[in-house]
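> Kindly generate the corresponding structure for this input.
(one chain, ligands or ions: 1)
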Amino acid sequence: MKYPAEMKLSPHFKVKEFTRSETAAKRGIDNEDVTPVQLANMQALCENVLEPLRQQFGEPVYISSGYRCPALNKAVKGALKSQHMKGEAADIYSKQGAKRLREWYLWMVDNLVFDQLIWETRPSGSKWIHVCYVTYRKNRHQKLQCKDGKTYQALDN
Ligand SMILES: [Zn+2]
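Model (predicted):
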């Protein structure tokens, strides 16, 4: 189903923030076809994680990668069973820099229910947080870090 791009998932987050993708646009991949279940998963992620974070800090939470159809996930070399493909995950960043991103991370750890938070860094200097939330089982509150896109280590803060 194609939902309106401007449709709100929560007060500050729209469908298009989850479906737009530079890689999809470049490669002619249609990333806008979403099932009602995937839409509900994105809504749950917004309501339980992204919106509370947005409201706590009072500043935009940018999504660099939200929903990924299988073709897009393959194009970005995502994990085989990536939660992005179910609409359960988003990669978020702050325009205020790494220090603020760290504050977001610590606040979420202490205050929110989530399945996984992954503190992502790369040698290039880019940093983001992968967040995911599930509705079909208990959320694990797992905290991990990843420096290379392949290996994950537990992160205790
Ligand atoms: Zn991710």
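
> where are the low-confidence patches of the protein?
157 (pLDDT under 70).

> for it, what spans make up the helices?
Along the chain, the segments classed as helices by DSSP state H run 15-19, 22-27, 36-45, 51-57, 70-75, 98-111.

> What is the distance between the second one and the centre of its chain?
It stands for helix 22-27. 18 Å (CA atoms, centre = their mean, to the nearest Å).

> which strands and helices sit next to it?
helix 70-75 (3 or more CB pairs under 8 Å, 6 or more residues apart in numbering; DSSP states H and E). (Glycine included, C-beta is placed from N, CA and C.)

> Would you convert the helices of the chain into JSON lines that also reports distance to residue 139 and mean neighbour count?
Converted to JSON lines, these look like this (distance: least, CB to CB, whole Å; neighbours: other CB atoms under 10 Å):
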{"stretch": "helix 15-19", "distance to residue 139": "19", "mean neighbour count": "22"}
{"stretch": "helix 22-27", "distance to residue 139": "28", "mean neighbour count": "12"}
{"stretch": "helix 36-45", "distance to residue 139": "10", "mean neighbour count": "19"}
{"stretch": "helix 51-57", "distance to residue 139": "14", "mean neighbour count": "17"}
{"stretch": "helix 70-75", "distance to residue 139": "22", "mean neighbour count": "16"}
{"stretch": "helix 98-111", "distance to residue 139": "12", "mean neighbour count": "15"}
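
> Looking at these, which is nearest to the ion?
Judged by CB to the ion, the one of the helices of the chain that comes nearest to the ion is helix 70-75, at 10.0 Å.

> Any buried residues in stretch 116-133, and which?
Neighbour-count burial for stretch 116-133 flags 116-120, 127-133 (criterion: 16 or more other CB atoms under 10 Å).

> Okay, the residue of the chain found nearest the ion and residue 110: tell me how far apart.
Residue of the chain nearest the ion, by CB to the ion: residue 130 (3.5 Å). Distance, residue 130 to residue 110, using CB to CB, to the nearest Å: 18 Å.

> Please list all residues in contact with the closest residue in space to residue 42 that isn't next to it in sequence.
Nearest non-adjacent residue to residue 42, counting by CB to CB, 6 or more residues apart in numbering: residue 87, 4.3 Å away. Counting by CB atoms under 8 Å, 6 or more residues apart in numbering, residue 87 makes contact with 18, 34, 37-42, 45, 66-67.
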